[in-house]
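J.: Predicted model, plus sequence, below.
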Amino acid sequence: MIGLLASLLDGVLIGAVYGLAAMGITLIWGVMDVVNLTHGSLIVAGMFAVYALAGAAGLPVYATLPIVLVGAFLAGLALYWISVHRVIGQPPLMSLLSTFSVNLVLVGLGTAIWSTDLFNVPASLPGFSLGRYTFPGTHLMAAALTAVIAGVLYLFLYRTRIGKAVRAVSGNREAAELVGIPTSQVLALAFGLGAALAGVAGMLIATMFPFTVLSGDAYQLKSFVVTVLGGLGNPTGALLAGVALGLVEGLTTPFVPVSWTLVIEFVLFVLVLIALPGGLVQLWPRRRD
Amino acid sequence: MKRTLLAVALAASFAAVPAYAANEITIGMTVSRTGALNVDSTTQLRGAELWRDQVNARGGIKVGGKRYKVKFVEYDDQSQGSRVQQLYTRLILQDKAEFLFSPYSSGLSATAAVISEQYGRVMLVSGGAEEKIFQLGNKHLFQCITSAGHYLSGAIAELKEHDPHAKVAFVYSDDPFSKAVVTAAKKQAEEAGMTVAMDESYPPSTTDFTAIINKVISSGADAFLGGGHYADGATLARQMHDQKADLKWVSILVAPDSEKFKTLADAAVGITVPSQWEPQVRYKPQFGPTVAQFTKEFHAKFKEDPDYHAASGYVGGLLLEHAIEEAKSVDPEKVAAKLNAMDVTTFFGPNKFATDASDHGLQVEHPMVLAQWQKKGGELVKEMVWPDAAATAKVQYPLH
């Protein structure tokens, strides 16, 4: 019984981080209708950033978070102006191709520099034990930081003027322009924010698991699943859907062979989509303000 | 007149090419420079390169009265079977490789073997332990390393001495090598009187083992046997440490043998690994370098100690060289005949190939050893702990 509880709890912890990664995609998707396929690379960039900063520069691991946040934000701004600005308003396929090609370039560069070697960030915190099961401190810290960041994002979107501008642009770009909001800059900002979330998610994942240059793909896939489950454009939905996915993983693993977990996850995903095309978020009334 | 001159010049240049190639043997192979298998594949290549450089420094392989230099042609297979298929065909047809070395890993070696057998090329398999590769009716495959079924016998024998009724969790990667190892090991464990508490495979691309480790803890297992290749093995070790799984005995395949495993620091302590070869073995070679010479020369060239993948890469070349010298020819049939008759000991240990059609090329003499990471004076050191005759240190049991 405790085994099941341990599994569930750990699922929630890791699911929260999946949710954080997904928040990056859903923000960009919701605000500017762009499918950001450089998301995986940004996650990996966050992983390498914490590896370099904590390893080579010797900074304490969690102190790197603000650096990664700002760095990824700036990288997102750059990516926006390079590959996304021109394809805003075009059919979604254009932005997909654009970000996909930038992703290939980034992964290729990364492979050329670091090959596909496995990297490990030596982060350890005292964990919390329940009987024979231990929850690694790194998982607890990652989930806690995710909650903080999600909270800050919520405050930003719903309690600041700029946040309001972002929501306005995502609602109706033309109308926003008409009332004098500099939409290009707001879009760039939103993209930067999405990138920052991806980078920080990568940083937190790196404190928990080893990674390679190619790790981004798997997390990007999970991010998309979580994004759709949570409802496009809804960061809160993404976080909750991430936790839900983590719960599903935690629930199934003690009972079925591990190789079945992915199958069950995706079957459930398809079922949810059939029943609730708008994502899990359809289950509760949406805030309108 | 000009056109005739040009034609003659072209013809002459083509005629010149064989004369250049006549004093050279081309050995073809693919290497996983990228992808999940890259750590160990690169080490295997380094062993082979050391052999090639040393042979060429001596003037080349002696073939009767002449000396043939060795040339490698290698491509990146990206750890993918589909690339192996294309590239070995290319190596044989376009690069005219006379002999082949296998890629790294049983899965990729099996694919390469299909191609090499199709064209009748001799292939030295240093990276494929799975028995099945050699049981499909081949004539020119030669396995230089101990086969998969024997990998965990040492770990089980050692565990039996400390806890004959241990509860064992088998958790392994869903790939041909790991499955072959565990199928044999499970039988050996049950015959030794142990209970199988868990038997589960995971997709090779798995990066998070938290849930699996919780399952191992739930199963009440005392010992953990399994893993796959470097990435998953290293992650398993780290997460078992983070989650305080506190198992009494852990044997992980492949990963802990690499020098890189040291980077796991405390997570590495006590972990055992079945190994084809360690720098501390005491084999006396009939030809080729001694254990100490090989270790020193590898270290001098690559600034790190060789692990068993490097040694197996080197011995592939060494055995091929010996066979060619004995055959006094580079004709594949003559070389294969000499390899079939071979029963030798090198720095790598004894090597003899099965000659029966049902499992031609399977390695029948080479033994495994068991190594364990131990903390000596604050430093992480890999010691040999089994078999007792070859041990350099006492085994640490339980691990913590």
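T.: Nice, I can see it.
J.: State which strand of chain B is the longest.
T.: With residue count as the measure and DSSP state E as the assignment, chain B has strand B:66-76 as its longest strand.
J.: buried ones in that strand?
T.: With burial defined by 16 or more other CB atoms under 10 Å in any protein chain shown, the residues of strand B:66-76 counted as buried are B:68, B:70-76. From N, CA and C alone the C-beta is placed, and that goes for glycine too.
J.: average pLDDT across stretch B:59-79?
T.: Rounded to a whole number, the mean pLDDT of stretch B:59-79 is 93.
J.: how long is that stretch end to end?
T.: Its first and final residues considered, stretch B:59-79 spans 34 Å by CA to CA, to the nearest Å.
J.: got the contact list for it?
T.: For stretch B:59-79, the external contacting residues (CB atoms under 8 Å, 6 or more residues apart in numbering or on different chains) are B:23-38, B:41, B:45, B:48-49, B:52, B:55-56, B:83-84, B:87, B:90-91, B:95, B:97, B:103, B:105, B:108, B:317, B:321, B:324-325, B:328-330.
J.: Report the secondary structure state of the spatially most central residue of chain B.
T.: For chain B, residue B:127 is the residue whose C-alpha lies nearest the centre (CA atoms, centre = their mean; 3.5 Å). Residue B:127 carries the three-state label coil when classified by DSSP: H, G, I helix; E, B strand; the rest coil.
J.: List phi and psi for it.
T.: Phi and psi for residue B:127, reported as degrees, to the nearest 10, are phi -120, psi 10.
J.: Chain B contacts on chain A?
T.: Counting by CB under 8 Å from any CB of the partner chain, the positions of chain A adjacent to chain B are A:3, A:6-7, A:10-11, A:14, A:111, A:115-118, A:120, A:122, A:124, A:127, A:129, A:132-136, A:138-139, A:208-212, A:214-215, A:218, A:249-250, A:253-254, A:257-259, A:261-262.
J.: In chain B, where is pLDDT below threshold?
T.: B:1-2, B:4-22, B:400 (pLDDT under 70).
J.: Now do the helices in it.
T.: Defined through DSSP state H, the helices belonging to chain B, from first to last, are B:2-21, B:38-57, B:81-93, B:106-118, B:153-162, B:176-191, B:210-218, B:230-242, B:291-302, B:308-327, B:332-341.
J.: Output those helices as JSON lines; include the columns mean neighbour count.
T.: Shown next, in JSON lines, are the helices of chain B (neighbours: other CB atoms under 10 Å in any protein chain shown):
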{"stretch": "helix B:2-21", "mean neighbour count": "9"}
{"stretch": "helix B:38-57", "mean neighbour count": "22"}
{"stretch": "helix B:81-93", "mean neighbour count": "19"}
{"stretch": "helix B:106-118", "mean neighbour count": "22"}
{"stretch": "helix B:153-162", "mean neighbour count": "20"}
{"stretch": "helix B:176-191", "mean neighbour count": "20"}
{"stretch": "helix B:210-218", "mean neighbour count": "23"}
{"stretch": "helix B:230-242", "mean neighbour count": "25"}
{"stretch": "helix B:291-302", "mean neighbour count": "16"}
{"stretch": "helix B:308-327", "mean neighbour count": "26"}
{"stretch": "helix B:332-341", "mean neighbour count": "18"}
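J.: right, and those - which one's nearest residue A:164?
T.: Taking CB to CB as the criterion, helix B:210-218 is the member of those that comes nearest to residue A:164, at 39.6 Å.
J.: mind exporting the closest one as PDB, just the C-alpha atoms?
T.: Listed next in PDB are the C-alpha coordinates belonging to helix B:210-218 (Å, rounded to 0.1, in the frame of the first residue of the first chain):
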ATOM      1  CA  THR B 210      12.200   6.100 -10.200                       C
ATOM      2  CA  ALA B 211       9.100   4.000 -10.600                       C
ATOM      3  CA  ILE B 212      11.000   0.900 -11.500                       C
ATOM      4  CA  ILE B 213      13.300   1.200  -8.500                       C
ATOM      5  CA  ASN B 214      10.300   1.700  -6.200                       C
ATOM      6  CA  LYS B 215       9.000  -1.500  -7.700                       C
ATOM      7  CA  VAL B 216      12.200  -3.200  -6.900                       C
ATOM      8  CA  ILE B 217      12.000  -2.000  -3.300                       C
ATOM      9  CA  SER B 218       8.400  -3.200  -3.100                       C
END
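J.: Show me chain B divided up by domain.
T.: The record's domain split for chain B, according to automatic domain parsing, is B:2-146+B:282-359, B:150-275+B:368-390.
J.: Could you dump these into a markdown table with distance to residue A:176 added?
T.: A markdown table is the format used below for these (distance: least, CB to CB, whole Å):
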| stretch | distance to residue A:176 |
| --- | --- |
| domain B:2-146+B:282-359 | 45 |
| domain B:150-275+B:368-390 | 41 |
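J.: for these, which one sits closest to residue A:222?
T.: Minimum separation from residue A:222 across these (CB to CB) falls at domain B:150-275+B:368-390, 10.5 Å.
J.: Between the two ends of the closest one, how far is it?
T.: Taking CA to CA, the first and last residues of domain B:150-275+B:368-390 lie 17 Å apart.
J.: what does the stretch 1-150 of chain B put close to chain A?
T.: Remark: the part of the stretch 1-150 of chain B in contact with chain A comprises B:33-36, B:38-39, using CB under 8 Å from any CB.
J.: Pick out whichever of those sits closest to residue B:228.
T.: Within those, the smallest distance to residue B:228 is 9.1 Å, found for residue B:36 (CB to CB).
J.: just checking, residue B:291 touches residue B:283?
T.: Yes - with contact defined as CB atoms under 8 Å, residue B:291 counts as touching residue B:283 (6.3 Å).
J.: any common contacting residues for these two?
T.: Shared contacts of residue B:291 and residue B:283, counting by CB under 8 Å, 6+ apart, come down to residue B:347.
J.: Just give me the neighbour total for residue A:52.
T.: Around residue A:52 sit 14 other residues, with neighbours defined as other CB atoms under 10 Å in any protein chain shown.
J.: what's residue A:211 in contact with, if anything?
T.: When contacts are counted by CB under 8 Å, 6+ apart, residue A:211 is found next to A:44, A:47, A:118-119, A:205, B:207.
J.: Can you give me the pLDDT of it?
T.: Reading off the model, residue A:211 has pLDDT 86.
J.: residue in the stretch 151-289 of chain A nearest to chain B?
T.: For the stretch 151-289 of chain A, the residue closest to chain B is residue A:253, as judged by CB to the nearest CB, at 3.8 Å.
J.: Report the distance from stretch B:247-254 to the chain centre.
T.: Averaging C-alpha coordinates over stretch B:247-254 and over its chain gives two centres that are 19 Å apart (CA atoms, centre = their mean, to the nearest Å).
J.: Repeat that for stretch A:99-113.
T.: Its chain's C-alpha centre lies 19 Å from the corresponding centre of stretch A:99-113 when counted by CA atoms, centre = their mean.
J.: Equivalent analysis for stretch B:137-157, please.
T.: 10 Å.
J.: measure stretch B:238-250 end to end?
T.: For stretch B:238-250, the first-to-last residue distance is 12 Å (CA to CA).
J.: Can you name the residues in contact with that stretch?
T.: Among residues not part of stretch B:238-250, those counted as contacts by CB under 8 Å, 6+ apart are A:120, A:124, A:127, A:129, A:132-136, A:138, A:209-210, B:155, B:159, B:162-163, B:166, B:208-210, B:213-214, B:216-217, B:221-225, B:237, B:264, B:266-267, B:270-272, B:397-400.
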